[in-house]
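Undergrad: Let's see this in three dimensions:
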Amino acid sequence: MNKMIAMIATAAAVVAFGTASAAPLPEANPDDVGFSKQGLARLDNFFAREIAAKRVPGAVVAIARDGKLVHYKAYGLLDPEKGTPMPVDAIFALASMTKPMAAVAGLTLMEQGRLPLQAKLSNYYPGFADMKVGVTEADGSLKLEPQASPIFIHDLYRHTSGLMYGGRPDSSSPVARQYPDGVAPAIEGDTQAFIDRITKLPLAHQPSTEFEYGFSIDVLGAVIEKVSEQKLGDYLAANVWQPLGMKDATFHPTDAQRPRLARPFANDPLTGKPQAIKLLDNPTKFDCGGACSFATIGDYLRFGQMLLNGGELDGQRILSPSTVHHMTTNHLGPEIKNNVANVEPHRAGFGFGLAVAVRTSEGLSSVPGNPGEFTWNGAYGTQFFCDPKERLVVVVGTAAPGELRKYYREQVQDIVYGAMTK
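TA: Coordinates of the predicted model:
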């Protein structure tokens with residue numbers, strides 16, 4: 001067994017900087033930026049153990065500090081059915097890691113004076129003005145009440161709109177039963193069909209009162225389309241992806257890209273039940289800003305580094321430092337109920353900014369880090385976090401759509417901070 005683990009780790013090291021893909025950032029010796037090589041080797045050992053135990057098909061991990069790449073490796077298999085090895089330029093379905101990119105698109109419009117945070121959502125899509133708030137009565141029935149205040153664009157960014165997701169394990173309310181799951185609307189119809197469908201449902205809470213994870217950023221994406229008069233993917237390509245050199249970022253993988261899509265096991269290793277990443281084989285009918293994009297881990301590392309740099313990378317400015325600071329600051333004031341740790345169990349001590357969770361205090365969380373850290377993850381097994389104090393960006397890709405993905409998020413963060421020497 002140990003011999004097999006060693007073999008997997010060696011194979012990973014060999015493909016680390018293969019010819020398939022140029023390094024996404026300048027490379028540095030880990031020792032020169034405060035990392036221990038032995039500490040980083042624990043990532044190799046961790047994924048070798050997990051892959052040997054058939055708990056995950058494979059992974060790609062990228063770590064940068066001070067803008068320098070210290071770890072960029074692929075592990076295991078891209079496609080467990082075909083036995084294809086994982087390349088570093090594997091393309092991952094990003095699920096909710098789409099959200100921070102959609103938010104950046106929205107903030108570029110804010111900087112142009114075209115999409116203020118205090119604008120009413122109903123200015124763009126009038127149907128939202130008539131949505132009622134569903135209040136669960138003692139007998140379990142649903143009472144519908146009018147909105148006490150309108151939904152603002154600000155509420156979309158910070159998930160305080162009252163919109164939610166259906167099909168989430170942390171949501172059992174009678175309102176949740178009426179909502180579709182995250183990608184269903186994008187597979188079934190276009191942007192307008194999504195808006196028509198969602199505006200007929202009750203809100204889970206009064207606007208601006210409670211953090212409730214859901215379709216808010218998908219709606220923001222629809223607003224961006226209306227303001228920019230472009231599809232969300234076209235607007236992101238022109239204003240974020242192409243300037244940053246995010247070559248594979250897309251909502252619609254091409255035939256040339258499809259062989260690089262990372263695929264999960266057919267069954268969830270924890271439950272034995274069938275699992276799938278729907279978007280790998282079901283094209284979307286609109287560019288859903290909440291869940292529908294794809295990219296390589298190297299692409300997303302460049303996106304994270306741009307944010308860590310205060311909105312700029314390699315001479316390309318996407319946002320101003322002030323806008324990035326505003327995005328990555330907590331926007332859940334004392335009057336808003338903070339449910340962030342209900343969505344991500346290790347996110348105690350976090351608030352929420354504009355489409356990213358933000359660490360607000362020392363301690364409390366189960367993972368090391370510093371106040372100011374900002375992060376979000378994807379339901380199919382991707383994660384990213386940036387720690388401005390440590391000048392650190394970490395991006396991980398796995399095709400692990402079950403509950404196991406939360407275990408990897410925690411373990412990777414523990415190992416990364418455990419590998420730091422200063």
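Undergrad: what's around the nearest residue to F215 once chain neighbours are set aside, how many residues?
TA: Excluding its sequence neighbours, the residue lying closest to F215 (Cβ to Cβ, 6 or more residues apart in numbering) is L163, at 4.6 Å. No exception for glycine: its C-beta is placed from N, CA and C like everyone else's. L163 has 29 neighbouring residues, counting by other Cβ atoms under 10 Å.
Undergrad: From G182, how far out is L163?
TA: Distance from L163 to G182, counting by Cβ to Cβ, to the nearest Å: 12 Å.
Undergrad: same thing with D44?
TA: According to Cβ to Cβ, D44 and G182 sit 33 Å apart.
Undergrad: same thing with G58?
TA: 24 Å.
Undergrad: count of residues packed around the closest residue to K285 other than its chain neighbours?
TA: Excluding the flanking residues, the one nearest K285 by Cβ to Cβ, 6+ apart is D190, at 5.1 Å. By the criterion of other Cβ under 10 Å, D190 has 13 neighbours.
Undergrad: Return the set of residues that bridge with the spatially closest residue to A95 that is not a sequence neighbour.
TA: Distance criterion Cβ to Cβ, 6+ apart; nearest residue to A95, sequence neighbours excluded, is G378 at 3.4 Å. According to DSSP bridges, the partner residues bridging G378 are T382.
Undergrad: quick one: G378 and G182 touch, right?
TA: No. G378 lies out of contact with G182 (Cβ atoms under 8 Å); the separation is 10.4 Å.
Undergrad: what do these two both touch?
TA: Common neighbours of G378 and G182, using Cβ atoms under 8 Å, 6 or more residues apart in numbering, are 95-96, 291.
Undergrad: ok, V61 - contacts?
TA: V61 makes contact with 43, 47, 71-73, 75, 297, 394-397, 412 under the criterion Cβ under 8 Å, 6+ apart.
Undergrad: can you check K422 too?
TA: Residues near K422 by Cβ under 8 Å, 6+ apart: G34.
Undergrad: follow-up on the earlier one: wait, isn't the residue nearest to F215 in contact with F211?
TA: No. Judged on Cβ under 8 Å, L163 makes no contact with F211 at a distance of 11.7 Å.
Undergrad: What segments of this protein are helices?
TA: Taking DSSP state H as the criterion, the chain carries its helices at 2-14, 37-52, 98-111, 153-158, 184-188, 191-198, 216-228, 232-236, 297-308, 321-327, 340-343, 404-418.
Undergrad: Now do the buried residues in stretch 107-119.
TA: 107-110, 115, 117, 119 (16 or more other Cβ atoms under 10 Å).
Undergrad: hmm, which two among these are most spread apart?
TA: By the measure Cβ to Cβ, T108 and A119 form the most distant pair in these, at 15.4 Å.
Undergrad: For the residue nearest the centre of the chain, report the pLDDT, please.
TA: Per Cα atoms, centre = their mean, the C-alpha nearest to the average position across the chain is that of M97, at 1.7 Å. We have a pLDDT of 98 for M97.
Undergrad: any idea how far L163 is from the closest residue to it other than its chain neighbours?
TA: In space, and not counting its chain neighbours, M97 is closest to G378: 4.3 Å by Cβ to Cβ, 6+ apart. Distance, G378 to L163, by Cβ to Cβ: 19 Å.
Undergrad: now A262
TA: 29 Å.
Undergrad: Domain parsing of the chain, as residue ranges.
TA: Split into domains by the TED database, the chain comes to 30-101+247-419, 106-228.
Undergrad: Most tightly packed of these?
TA: domain 30-101+247-419 (a mean of 20; mean count of other Cβ atoms under 10 Å).
Undergrad: ends of that one, how far apart?
TA: End-to-end distance of domain 30-101+247-419 (Cα to Cα, to the nearest Å): 10 Å.
Undergrad: Distance from it to the middle of the chain?
TA: A distance of 7 Å separates the centroid of the chain from that of domain 30-101+247-419, by Cα atoms, centre = their mean, to the nearest Å.
Undergrad: same thing with stretch 240-257?
TA: 16 Å.
Undergrad: residue contacts, the residue of the chain positioned farthest from its centre?
TA: Within the chain, the residue lying farthest from the chain centre (Cα atoms, centre = their mean) is D139, at 37.2 Å. By Cβ under 8 Å, 6+ apart, no residues touch D139.
Undergrad: and it, how far is that from P174?
TA: Counting by Cβ to Cβ, the gap from D139 to P174 is 11 Å.
Undergrad: Give me the contact list for stretch 368-376.
TA: Contacts to stretch 368-376, defined as Cβ under 8 Å, 6+ apart, come from residues 96-97, 99-100, 307, 327-328, 350, 353, 355-362, 383-390, 413-414, 417-418.
Undergrad: pull the CA atoms of stretch 135-153 into CSV?
TA: Extracted C-alpha coordinates of stretch 135-153, given in CSV (Å, rounded to 0.1, in the frame of the first residue of the first chain):
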residue,chain,number,x,y,z
VAL,A,135,-43.9,32.7,6.7
THR,A,136,-44.3,29.2,8.1
GLU,A,137,-47.2,29.0,10.6
ALA,A,138,-47.3,26.7,13.6
ASP,A,139,-49.3,24.1,11.7
GLY,A,140,-46.7,24.0,8.9
SER,A,141,-48.8,26.0,6.5
LEU,A,142,-47.4,28.9,4.6
LYS,A,143,-48.6,32.5,5.1
LEU,A,144,-47.7,35.0,2.4
GLU,A,145,-46.8,38.6,3.5
PRO,A,146,-45.8,41.6,1.4
GLN,A,147,-42.2,42.8,1.3
ALA,A,148,-41.4,45.3,4.1
SER,A,149,-38.7,46.8,1.9
PRO,A,150,-37.6,46.1,-1.7
ILE,A,151,-34.8,43.8,-2.8
PHE,A,152,-31.7,45.9,-3.7
ILE,A,153,-28.8,44.9,-5.9
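Undergrad: does Y75 really touch P57, like I thought?
TA: No. With contact defined as Cβ under 8 Å, Y75 does not count as touching P57 (9.4 Å).
Undergrad: Residues in contact with both of these two, list them for me.
TA: Going by Cβ under 8 Å, 6+ apart, residues that sit against Y75 and also against P57 are 51, 86.
Undergrad: Just list the residues touching the residue nearest to G351 when sequence neighbours are not counted, thanks.
TA: Spatial nearest neighbour of G351, excluding adjacent residues (Cβ to Cβ, 6+ apart): N330 at 3.3 Å. Residues counted as contacts of N330 (Cβ under 8 Å, 6+ apart) are 351-353, 358, 360.
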